[in-house]
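> no sequence on hand, only this structure:
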């Protein structure tokens, strides 16, 4: 399925980081990892606010918070009221989940935040890079890909670091999400976390 953020996948170097992370957010949503998705969306929005400040020739303090930067953009009317409101909504939703120990984001909420970051990125691309996106076109809900042969199965995997040794504290709570395909063979052990599957994505 074509990404809703296709307009970021071009020749503009500044777009690459946004495209990679926005597509990752779509993948997280399609995988049912809605809480991780909204946290990822918040990170995209925070970086976007800093880049807008830079493009508006505002001094960006490394110590300033997301809230500080949004306040400056709002007071200076550098972006429209609707965009400011969406920024604050993305910030609020991401903050709630970032401080929760359990998955609390619903599917509907996850989809809303994807649409919100899509709106902010289309506004950004249009205003600062003259990249026009047809915002009247319907945002397509990300789904798991099924464009594989009947003899293959699509696998979405999540990897975490083994911190039993205590040497990987920096990676506590971090998870890597990726995709792979495997041959549909009845002799293969396709149970979750089987040795076969772990070898395929290791």
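Sure, I can see it. What you see is a predicted model; the values in this text were computed from it and never measured.
> count the residues that sit near residue 145.
Using other Cβ atoms under 10 Å, residue 145 has 13 neighbouring residues. C-beta here means a position set from N, CA and C on the backbone, and glycine is covered the same way.
> whoops, residue 39 was the one
By other Cβ under 10 Å, neighbour count at residue 39 equals 22.
> I'd like the average pLDDT over the strand or helix carrying it.
According to DSSP states H and E, residue 39 maps onto helix 34-55. Mean pLDDT, helix 34-55: 96.
> now do the residue most central in space within the chain, the pLDDT please.
Taking Cα atoms, centre = their mean, the centroid of the chain lies closest to residue 25, which sits 2.6 Å from it. Among the per-residue scores, residue 25 shows a pLDDT of 97.
> neighbours around residue 48, how many?
So residue 48, with other Cβ under 10 Å, has 20 neighbours.
> so how far is residue 76 from it?
16 Å (Cβ to Cβ, to the nearest Å).
> residue boundaries of the helices in this structure?
Counting by DSSP state H, the chain has helices at residues 16-30, 34-55, 66-75, 81-98, 107-129, 195-201.
> and these, which is most packed in?
helix 34-55 (a mean of 21; mean count of other Cβ atoms under 10 Å).
> excluding sequence neighbours, find me the nearest residue to residue 126.
residue 132 (5.7 Å; Cβ to Cβ, 6 or more residues apart in numbering).
> ignore what I typed, I meant residue 49.
residue 69 (4.6 Å).
> if I pick that neighbour, what's in contact with it?
Listed by Cβ atoms under 8 Å, 6 or more residues apart in numbering, the contact partners of residue 69 are 46, 49, 50, 53, 60.
> can you do 10 Å?
By Cβ atoms under 10 Å, 6 or more residues apart in numbering, the contact list for residue 69 reads 46, 48, 49, 50, 52, 53, 58, 60, 61, 87.
> quick check, nearest of these to residue 37?
Within those, the smallest distance to residue 37 is 15.1 Å, found for residue 46 (Cβ to Cβ).
> my read: the closest one touches residue 70, true?
Yes - the pair formed by residue 46 and residue 70 meets the contact definition of Cβ atoms under 10 Å, at 9.1 Å.
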